[in-house]
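Trainee: how would this look folded up:
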Amino acid sequence: MKWDMIQWKFDYKGYKMFKTSIKHNKITLEDNGSPIFEGLTPSLVDENLSVIRTKFTNDNNLFNFPFEGENEVEGSLSFLDYEDGIICNLNLKIQHQVSYTFKAFSEKGIKINIDNINKDLDILTFYRVNLWWTEPKHVQNVHEIPENSQVIIFKKGKYYYQLFLLASDGFRSQIKGVPDGCAIDVCSNTIGVGLCNTSLFCLVKDENPFNLGAKLIQVLKKGFNNKIKTKEEKGYPNIFNYLGWCSWNAFYEKINHQGVVEKAQEFKSKNVPVKWFLLDHGWSESNGEKLVSFNEDFKKFPQGFIGLKSILKSMDIDWLGVWQGFNGHWGTLEPDTPLTLKMTKNLMKTNAGQIIPIPEHSKIFHFWNTWHNYLASQGIDFVKIDIQSSLTTLVKGLMYPEFAAREAHLGLEASIAINFNSVCINSMGMSTESILSRPLTSVSRNSNDFFPNKKNNFLKHAFVNAYNSIYHSAFYYCDWDMWWTKHEYALDNAILRAISGGPLYISDVVGETIQKQISPLILSDGFVLRCDFSGSVTEDELLESPKLDENAFKIWNMNKSAGYIGLFNLSQDRFDVKAKFSTKDIPYLEITPIYLLHESIGNSFKVITQNEIIQEEINPKHPKLYSIVPIKDDFACIGLVNKYISTAAIEEVIQISNGKLIILKEGGVFSYFCNKKHSLSVDGIIQKIDLNNKIHQININSLEKSVIELKYI
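Mentor: Numbers count the residues shown, from 1 in each chain. Okay, the predicted model is just below:
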């Protein structure tokens, strides 16, 4: 079988942000005269494990190198300089076949050796702990960069730099520390490759580390001819603006019609406005972990999805989604079934004998579109696509993994767009070939699962999500997974989801949902009060591993003009920890002389100055969430303080000639700061206020939109 490669073209841009030079037959990459990469040189390890090195000639950032020795090998490295960063490309022609394997840093293959990056300074790396998830690790020199790393962040002088290892044109790159520095490994997953024309990495810089992701996307858009789309261009699915429930932690594979209906009835009786259900793994007709048909399992769902959807709609649950496996199912497809016979032209057998959809966009589109068309006809509104980055192992030795991933995602996403308006939760897909290959869907899981029965799992779950979003949120709206409202870490999980900026969905078992844990996160119709970004660690935690047994873990976000800081106790010994924060922990917060500080859990207020240090003690399982609102013209609107993201309940604040007009999305406990004499009316009714106070709190009982008029006296 022949797989034609689609080559992306690159246009040279001469902005000259970075400069390159050759020293001692090695490339040095400089920024304003300061070395960023030192001693960069390709090498090739042949079948005899002989290291073949190179000698460079430089032609305007294009480094040509014939390899030394008898092997007929020639190649070039090019550094394409864009306005916001550079992309490094490798072109290689090998006369003798060389084995590249899936396993990173195999003994044979192409390596780009680097003597040093950011010598003796802290580096934050993101590496794959398995095929599909990444985790952060702080290291103090390049030798310690873990295997399978695909992103590193470091600081030199006043600038932060992000190195993002790429997957393109059949190859994927990753980086690892080695005794004499570090090495970028280039792998194709296929034996006998003679041509390599790929992009190795993208490097961007900025004084603000939280701008790196946006700059990375812009450089990649230019370098890949706009094939990379921002999440804003794709859009946030309206379904995920509302509260949801997932069946996984409630039923696992034993999901069934009766249990799902009982959960819906519980939500109705407890006045929990869940608007969408996700039926996770276990709903489909399968033999063990292998898919048998496209139908729901009628033994579990005797009324089918049409009957179930009708019942859910009667209880105000508007949308129904289902889980699917990227390779057809968790354990691929059952052979010799009516399904596989019908789809035979669209299926292939792996070297291990597994049946999977062919990763070629037109063939895999037919597979998915046939299935999705059936599901849509049965009332299904969206999908969760799991185990995405596992395709690489299934096609090992058969085709290029990057090509397989790109083609598989292209066909799949076309089907999701046609049948579900691109509403999808991508999951287990944090390898670069997955991240870069989704043209239409915008939501992706950001970490390993929430494990409700695993002791202290919250500690790692919060840590990994807050770090992963630093790079992952540049591409996707990050989903920090489901959670339980009845749990020892229920409050921690609620605050974590509040500041995450992502979808909000729970997975309680039947009878165990606690309404009071959810109400501060949503409006009465289930609308989620979200932050504007994806929650992230603060700058002081970025490159230096936080001492979690001593200090609180900080996560920041924003909503409108307000900043938010979540403080969590992640100590393993479960002792009290100290917290220290200020306005400078929120990088996009408007600079004003004074701010109003509001602590959500205790509903306490304090006026603070710019960069004033706030100190707290955080008890185990007692997180705190602060909002910081700029005070301008003696006024600050806090919003509904009975909600965690209080300002998200504000629809609009309008400046009028003699005051303010504030429109709330619904009523609640409304609070504001005003240092001028004024009157206040709510929906036309004058309110009694104490003008001796600057901070005011008004109870608005209506669940409808409210209009507040503040007039200066």
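Trainee: not counting sequence-adjacent ones, nearest residue to the spatially most central residue of the chain?
Mentor: Centroid-nearest residue in the chain, with Cα atoms, centre = their mean: residue 478, separated by 3.6 Å. Excluding the flanking residues, the one nearest residue 478 by Cβ to Cβ, 6 or more residues apart in numbering is residue 446, at 3.9 Å. For glycine as for every other residue, the C-beta is placed from the backbone atoms N, C-alpha and C.
Trainee: what of residue 236?
Mentor: residue 477 (5.6 Å).
Trainee: pLDDT score assigned to the one you found?
Mentor: pLDDT recorded at residue 477 is 98.
Trainee: cool, residue 103 as well?
Mentor: On the pLDDT scale, residue 103 is placed at 40.
Trainee: in the stretch 101-250 of the chain, which spans are helices?
Mentor: 212-223, 231-234, 248-251 (DSSP state H, counting those that start in this stretch).
Trainee: can you check the stretch 301-450 of the chain too?
Mentor: Under DSSP H, counting those that start in this stretch, the stretch 301-450 of the chain gives helices at 304-314, 338-342, 361-377, 391-394, 401-420, 432-435.
Trainee: where does the residue nearest to the centre of the chain sit: helix, strand or coil?
Mentor: Following DSSP: H, G, I helix; E, B strand; the rest coil, residue 478 is assigned to strand.
Trainee: what residues are up against it?
Mentor: 444-446, 465, 468-469, 472, 500-502, 534 (Cβ atoms under 8 Å, 6 or more residues apart in numbering).
Trainee: then residue 173?
Mentor: 112, 165-167, 184-187, 198, 200-201, 432.
Trainee: how about 7 Å then?
Mentor: Each residue near residue 173 by Cβ atoms under 7 Å, 6 or more residues apart in numbering is listed here: 165-166, 184-186, 200-201.
Trainee: just residue 682 next, same as before
Mentor: So residue 682 contacts 698, 700, 706, 708 (Cβ under 7 Å, 6+ apart).
Trainee: do I have it right that the second one meets residue 706?
Mentor: Yes. Here residue 700 lies in contact with residue 706, judged by Cβ atoms under 7 Å, at a distance of 5.4 Å.
Trainee: farthest pair in the contacts of residue 682?
Mentor: 698 and 706 (9.7 Å; Cβ to Cβ).
Trainee: those two: which is more packed in?
Mentor: A direct count of neighbours by other Cβ atoms under 10 Å for residue 698 and residue 706 places residue 706 higher, at 22 against 17.
Trainee: what's opposite residue 685 in the beta bridge?
Mentor: For residue 685, the beta-bridge partners under DSSP bridges are residue 682.
Trainee: equivalent analysis for residue 607, please.
Mentor: Taking DSSP bridges as the rule, residue 607 bridges to residue 596.
Trainee: any chance of the helices of the stretch 101-250 of the chain in TSV, plus mean pLDDT?
Mentor: Shown next, in TSV, are these (pLDDT from 0 to 100):
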stretch	mean pLDDT
helix 212-223	95
helix 231-234	96
helix 248-251	98
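Trainee: any chance of TSV for those, columns mean neighbour count and distance to residue 27?
Mentor: Converted to TSV, these look like this (neighbours: other Cβ atoms under 10 Å; distance: least, Cβ to Cβ, whole Å):
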stretch	mean neighbour count	distance to residue 27
helix 212-223	22	19
helix 231-234	15	34
helix 248-251	22	49
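Trainee: export these as a markdown table, with columns for distance to residue 334.
Mentor: Output for the helices of the stretch 101-250 of the chain, formatted as a markdown table (distance: least, Cβ to Cβ, whole Å):
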| stretch | distance to residue 334 |
| --- | --- |
| helix 212-223 | 39 |
| helix 231-234 | 34 |
| helix 248-251 | 22 |
